[in-house]
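*Asks:* next come a sequence and a model predicted from it.
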Amino acid sequence: MENEHTLTGQATEQQVAEWKKKHKYGIYAVEVDGHIGYFKNPGRHELNCAMSKADKDKALDVFEELANVTFIGGSEEILKDDQMFIGVSQEIKVKLDGKKATLVNL
């Protein structure tokens, strides 16, 4: 049965294709506990918004802000449920690392 593997919030192939066209840095999905959420890869603006929430006493605020400003669809439950969000934040952390750059002294 095909519907057994459908995740809560799962988008159609057409919707995913539209998001890919719309978001120039690409998109990604995070699956957790039978739910799926779709996010656009962050650009400078989204990273700046997220980093504005940086506070050494509230480290998750950065991930929460980044998730909120890059969420494009799917199950909103993954943003609201604390346990699911902890899993999502681990994946979002990877997006904060960005592309690998090399410092070259001249």
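*Replies:* Done, it's in.
*Asks:* from now on I want contacts and neighbour counts done on CA atoms only, so please keep to that.
*Replies:* Noted.
*Asks:* tell me the bridge partners for the most centrally placed residue in the chain.
*Replies:* Residue closest to the average C-alpha location in the chain (CA atoms, centre = their mean): F39, at 4.2 Å. Beta bridges link F39 to Y28, F71, judged by DSSP bridges.
*Asks:* just the C-alphas of stretch 58-70, formatted as PDB.
*Replies:* What follows is stretch 58-70, C-alpha atoms only, in PDB (Å, rounded to 0.1, in the frame of the first residue of the first chain):
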ATOM      1  CA  LYS A  58      19.300  30.500  24.700                       C
ATOM      2  CA  ALA A  59      21.300  28.700  22.000                       C
ATOM      3  CA  LEU A  60      18.200  27.100  20.400                       C
ATOM      4  CA  ASP A  61      16.800  30.500  19.500                       C
ATOM      5  CA  VAL A  62      19.100  30.700  16.500                       C
ATOM      6  CA  PHE A  63      17.900  27.400  15.200                       C
ATOM      7  CA  GLU A  64      14.300  28.200  15.900                       C
ATOM      8  CA  GLU A  65      14.500  31.600  14.100                       C
ATOM      9  CA  LEU A  66      16.400  30.000  11.100                       C
ATOM     10  CA  ALA A  67      13.700  27.200  10.900                       C
ATOM     11  CA  ASN A  68      10.900  29.800  11.000                       C
ATOM     12  CA  VAL A  69      12.400  32.100   8.300                       C
ATOM     13  CA  THR A  70      13.200  29.200   6.000                       C
END
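*Asks:* ok so, going back, thought the residue nearest to the centre of the chain was touching I27?
*Replies:* Yes: contact status for F39 versus I27: in contact at 5.6 Å, counting by CA atoms under 8 Å.
*Asks:* ok, back up a step: tell me the contacts of the residue nearest to the centre of the chain?
*Replies:* Going by CA atoms under 8 Å, 6 or more residues apart in numbering, F39 touches I27, Y28, A29, A67, T70, F71, I72, G73.
*Asks:* who wins for neighbours among these?
*Replies:* Counting neighbours by other CA atoms under 10 Å, A67 leads these with 24 neighbours.
*Asks:* check which helix or strand it maps to.
*Replies:* helix 60-70 (DSSP states H and E).
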